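Asker: below are the sequence and a predicted model; questions follow.
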Amino acid sequence: MPPPAGSQVSRVPAQRTPPEELAPPAVAPAPQRPRRRLRTVLIVVAGTLAALCLGGGLVGYLLYDKATTPDRSAPDVAVDNYLRAFLVDRNDVRANLFVCEGKTDLDQLDLLRSELFARQEQFGTTMSVTWGMLQIDQTDREAEVRVDLTFTAQVDGIRQTDRQSWKFITRLSDDWRVCSAARVD
């Protein structure tokens, strides 16, 4: 039907239904996450192994450090370790770990060791060095340590022994060190 004459009709544009492609997509269910149980287990195992290795390395280092650090905790301990390194093991590098830095007076002990070598070659024998109790006379940062050194050798089937009294002066800086040695008559 046409509109009556003389009336004004307002035209409203026709509304169209939007095409389906412009419509919001249907909500799809969230995809299920794949199970990562194996990955989690591997991460936990790897972390645990890393912690154990790190801890084991630290313990190993501390044990190694304790085993290789020379004991210079007391004057008699420093002298005992010095004598063992210098006269028994004949290891100058190790012996120097027990010696004072700077000026020392260990010439008499050097001479004694040289004489021991010469006697061993002369008589074709091995001389052993032992010592007994070390006596300490200590002040605040210095100590005198006295000890009797005993030298024993087997020459022509006869056991020979010589005993000498020695005094060592030790000083405390960070730890105790041997600074001088002299034979006591």
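Answerer: Received the coordinates, thanks.

Asker: ok, Val147 - how many residues close by?
Answerer: 22 (other C-beta atoms under 10 Å). (Each C-beta comes from the backbone N, C-alpha and C, glycine too.)

Asker: mind listing the residues bridging to it?
Answerer: On the basis of DSSP bridges, Val147 is bridged to Trp166.

Asker: return the distance of it relative to Thr170.
Answerer: Per C-beta to C-beta, to the nearest Å, Val147 is found 12 Å from Thr170.

Asker: what do the two both touch?
Answerer: Val79 (C-beta atoms under 8 Å, 6 or more residues apart in numbering).

Asker: all strands in the protein, in order from the N-terminus.
Answerer: In the chain, the strands defined using DSSP state E lie at 128-131, 135-138, 142-155, 158-172, 176-184.

Asker: out of those strands, which gets nearest to Gly102?
Answerer: Between Gly102 and these, the tightest spacing by C-beta to C-beta is seen for strand 176-184, at 8.7 Å.

Asker: tell me what the closest one is packed against?
Answerer: Judged by 3 or more C-beta pairs under 8 Å, 6 or more residues apart in numbering; DSSP states H and E, strand 176-184 is in contact with helix 75-83, helix 107-123, strand 158-172.

Asker: state the mean pLDDT of that strand.
Answerer: The pLDDT scores in strand 176-184 average 95.

Asker: can you give the contact residues for it?
Answerer: So strand 176-184 is contacted by 72-75, 77-79, 82, 98-101, 104-106, 108-109, 112, 143, 146, 164-171 (C-beta under 8 Å, 6+ apart).
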